[in-house]
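Novice: my questions concern the predicted model and sequence given below.
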Amino acid sequence: MEYKYDLNKKALYMEENQIPAYSLEKNEIGNCTSCDSIIMSLSYHSAGEDIMVVTKCVSCGSFYVNIYDTDWNWVDEAQITLLPIPIPISNPVIDNLEELEAIPIKKLEAVFSKGEIESLFARAKDKTPVRQYLYRARKKYELFEEIFNLKIDL
């Protein structure tokens, strides 16, 4: 049987079946098969007649699923594969009026002057902005992205 685990959702997958956790209690479960250090529980799952406990070794970082019967008698142990955690490739791009309006004004004011903000909104509305303010604002795009992880492209 193949076991996979989603660290974000705390969900165990047996083949293609998702089993949500019913408890996230942390307990010392036993010793690691790989390095003989302590393994700690991450989550508890109920699968039919079995109780599945997802564990992680405190030393080598190996992940296991320990399987128990309903009387908490140990049945089996298997290594599990972690599902990849999605990492965004780039920051969201703000390139229209609706997206610009969604940015809290406090964030804009932290980087841009009042005139620069007005020019950004004028540009987003396809109106003629004050060129000098728009030029200054564009020089600050990189700083805004670095601070707030939002890329402005107006």
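Specialist: Happy to help now that I have it. Numbering: from 1, shown residues only.
Novice: so what does the longest strand seen in the chain touch, helix or strand wise?
Specialist: Ranked by number of residues, the top strand in the chain under DSSP state E is strand 38-47. For strand 38-47, the packing partners by 3 or more C-beta pairs under 8 Å, 6 or more residues apart in numbering; DSSP states H and E come out as strand 11-14, strand 17-20, strand 28-31, strand 50-57. Every C-beta, even on glycine, is put in place using the N, C-alpha and C of the backbone.
Novice: repeat that with 6 Å
Specialist: When contacts are defined as 3 or more C-beta pairs under 6 Å, 6 or more residues apart in numbering; DSSP states H and E, strand 38-47 packs onto strand 28-31, strand 50-57.
Novice: show me what stretch 133-144 is in contact with.
Specialist: Outside stretch 133-144, the residues within contact range by C-beta atoms under 6 Å, 6 or more residues apart in numbering are 111, 112, 115, 116, 119, 120, 123, 152.
Novice: pull out the buried residues from the strand or helix carrying the fifth one.
Specialist: Element membership of residue 119 [criterion: DSSP states H and E] is helix 114-124. Judged by neighbour count (16 or more other C-beta atoms under 10 Å), helix 114-124 contains these buried residues: 116, 117, 118, 119, 120, 121, 122, 123, 124.
Novice: which stretches of this structure have low pLDDT?
Specialist: Applying pLDDT under 70 to the chain flags the ranges 87-89.
Novice: how about 80 then?
Specialist: The chain contains residues with pLDDT under 80 at 85-90.
Novice: take the contacts of stretch 133-144 and write them to CSV, including distance to residue 24.
Specialist: Listed next are the contacts of stretch 133-144 as CSV, based on distance: C-beta to C-beta, whole Å:
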residue, distance to residue 24
111, 39
112, 42
115, 51
116, 46
119, 49
120, 44
123, 48
152, 39
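Novice: of those, which is the nearest to residue 11?
Specialist: residue 152 (36.3 Å; C-beta to C-beta).
Novice: any idea which of the helices and strands packed on strand 38-47 is most buried?
Specialist: strand 50-57 (a mean of 21; mean count of other C-beta atoms under 10 Å).
Novice: check which helices and strands that strand is in contact with.
Specialist: Looks like strand 50-57 contacts strand 38-47, strand 63-68 (3+ C-beta pairs under 6 Å, 6+ apart).
Novice: buried ones in the first one, by neighbour count?
Specialist: Read that as strand 38-47. Using 16+ other C-beta under 10 Å as the test for burial, strand 38-47 gives 39, 41, 42, 43, 44, 45.
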